[in-house]
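K.L.:
output the structure for:
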Amino acid sequence: MQTLQTQTGEEKLWIRLDEKSQNSFSVLEKLKIKTTLGEIELKELVDYNLIDKELSINRKNGKNIITVDGELASKDSNISEILAIVNSDIIPYIESNYPVTVELAGSSDEGTKTLESMRMIGPVFTIFILCIVLITFRSFLQTFTVFVLIPFTFIGVVTGHLIHGIPISVLSGFGVVALLGVLVNDGLVFISSFNINIKEGNSFFVALEKTAISRFRPIILTTMTTVFGLLPLIFETSMQAQFLIPMAISLSYGIIIATLLTLVLLPALIVGISNFRIILHAYSKIIFPKYEPSAFTKTIAFFPSVLLIPIFLITTILAYFVKKLSLFNWIMKDIDMEKREYFEPRIREKNRLKEMV
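P.N.:
Numbering: from 1, shown residues only. Next comes the predicted model:
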């Protein structure tokens, strides 16, 4: 380009190659340049390199940013290990040698945001579920029994991830949320059926046996259909399925443990709750021999007895040798353990209504 003076002013003169030559680097290299020594090709006069030019300047919070993208090389890559190396080695090295600040974004950043959101919303929905179960059972102890089972389901979740060699991630948490719903539903159905059997006049252990037999097939079938339905997804090898596999593993292995908990541990906990009610009733008879206190008064009065647990354990061990030393037998001396169903809230409510009529 050159500026020429004319009668009307200045004119810019552009000299360009034709369109065909503009797209060829070889033509540019062989371009003749006139010098005092004669015509010399451009490649003899200058050195040049081909570089990528920034088409746009991106900013975040008023600061220039450069985005570096990356993808997993294969489905066997462990994203948790990669992020650990990036955070411990790569980012500190870059920030210590260059005047820049490095931030992780993309799926890692989204996973962190999702985890923080679950931490905020999770307790709210847990309380909501707790209220629903409490309204259904009308018993704090039975509601507590269902929620006691929840921590044990993580045994299945962790075991499943160890078997398949997949790290626990945010997606695994989504499977845990679905798992908790299945566990609470199984416990809800089991205890509701038990309460109905008790209300129909069955003895405690007969009602528990009928409940276990009647709920066995539905619970087992629910578990089998869920697990077999998730198996194709768990063993899928495509890259698209890798994001859903942790969720499927959490749900399938967790529901197996949840089934065992519902059919084995839950009945044992129901018996333990019954024992607690009987001991609480017997203890309150000793403290309040002349009248029947309220459930709240019984509970408050029972708390000091917790301090007697070491003595209770010692006397229980000694009772194997000398029966007179059994503190448990002394507390339960006036209680008929064969009629433990009378201490269930449904029966006590039924008897209270009869007395009112």
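K.L.:
hey, let's count contacts and neighbours off CA atoms from now on
P.N.:
Noted.
K.L.:
where do the domain boundaries of the protein fall?
P.N.:
For the chain, the structural domains run 2-45, 58-97, 124-357, going by automatic domain parsing.
K.L.:
give me whichever of those is most buried.
P.N.:
domain 124-357 (a mean of 16; mean count of other CA atoms under 10 Å).
K.L.:
report the rounded mean pLDDT for that one.
P.N.:
For domain 124-357, mean pLDDT rounds to 78.
K.L.:
dump the domains of the chain to a markdown table, plus distance to I51.
P.N.:
Shown next, in a markdown table, are these (distance: least, CA to CA, whole Å):
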| stretch | distance to I51 |
| --- | --- |
| domain 2-45 | 14 |
| domain 58-97 | 16 |
| domain 124-357 | 33 |
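K.L.:
out of those domains, which is closest to M118?
P.N.:
Ranking the domains of the chain by their distance to M118 (criterion: CA to CA) puts domain 124-357 first, at 8.8 Å.
K.L.:
for the chain, just list every one of the strands.
P.N.:
2-5, 10-13, 32-35, 38-41, 58-60, 63-65 (DSSP state E).
K.L.:
rebuild those strands as JSON lines, extending it with distance to V133 and mean pLDDT.
P.N.:
Converted to JSON lines, the strands of the chain look like this (distance: least, CA to CA, whole Å; pLDDT from 0 to 100):
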{"stretch": "strand 2-5", "distance to V133": "86", "mean pLDDT": "69"}
{"stretch": "strand 10-13", "distance to V133": "85", "mean pLDDT": "76"}
{"stretch": "strand 32-35", "distance to V133": "89", "mean pLDDT": "77"}
{"stretch": "strand 38-41", "distance to V133": "87", "mean pLDDT": "80"}
{"stretch": "strand 58-60", "distance to V133": "47", "mean pLDDT": "76"}
{"stretch": "strand 63-65", "distance to V133": "51", "mean pLDDT": "79"}
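K.L.:
re the thing from before, quick one: which of the domains of the chain is nearest E116?
P.N.:
domain 124-357 (10.2 Å).
K.L.:
spatially nearest residue to the most centrally placed residue in the chain, not counting backbone neighbours?
P.N.:
In the chain, the centroid-proximal residue (CA atoms, centre = their mean) is G173; its distance is 2.8 Å. With sequence-adjacent residues excluded and distances taken as CA to CA, 6 or more residues apart in numbering, G173 is closest to M247, at 7.0 Å.
K.L.:
do L171 as well
P.N.:
L171 sits nearest to M247 (CA to CA, 6+ apart), 5.4 Å away.
K.L.:
what does stretch 251-258 rub up against?
P.N.:
149, 152-157, 159-160, 175-176, 178-179, 182-183, 223, 226-227, 230 (CA atoms under 8 Å, 6 or more residues apart in numbering).
K.L.:
so which of these sit within helices?
P.N.:
154-157, 159-160, 175-176, 178-179, 182-183, 223, 226-227, 230 (DSSP state H).
K.L.:
which residues of the stretch 1-150 of the chain fall in helices?
P.N.:
19-22, 25-29, 42-45, 79-85, 91-97, 107-137, 140-148 (DSSP state H, counting those that start in this stretch).
K.L.:
can you give the contact residues for the fourth one?
P.N.:
What it means is helix 79-85. L72, P167.
K.L.:
go again using 10 Å as the cut-off
P.N.:
71-72, 86-87, 89-91, 104, 108, 166-169 (CA atoms under 10 Å, 6 or more residues apart in numbering).
K.L.:
and the fifth one, by the same measure?
P.N.:
Contacts to helix 91-97, defined as CA under 10 Å, 6+ apart, come from residues I85, V86, N87, V100, T101, V102, E103, L104.
K.L.:
distance between that helix and the chain's centre?
P.N.:
33 Å (CA atoms, centre = their mean, to the nearest Å).
K.L.:
just the CA trace of it, in CSV.
P.N.:
C-alpha atoms of helix 91-97 as CSV (Å, rounded to 0.1, in the frame of the first residue of the first chain):
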residue,chain,number,x,y,z
ILE,A,91,-2.0,-25.7,38.9
PRO,A,92,0.7,-24.8,41.6
TYR,A,93,3.4,-25.0,38.9
ILE,A,94,1.6,-22.7,36.5
GLU,A,95,0.7,-20.1,39.2
SER,A,96,4.2,-20.0,40.7
ASN,A,97,5.9,-19.5,37.3
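K.L.:
pLDDT on it, on average?
P.N.:
pLDDT averaged over helix 91-97 gives 86.
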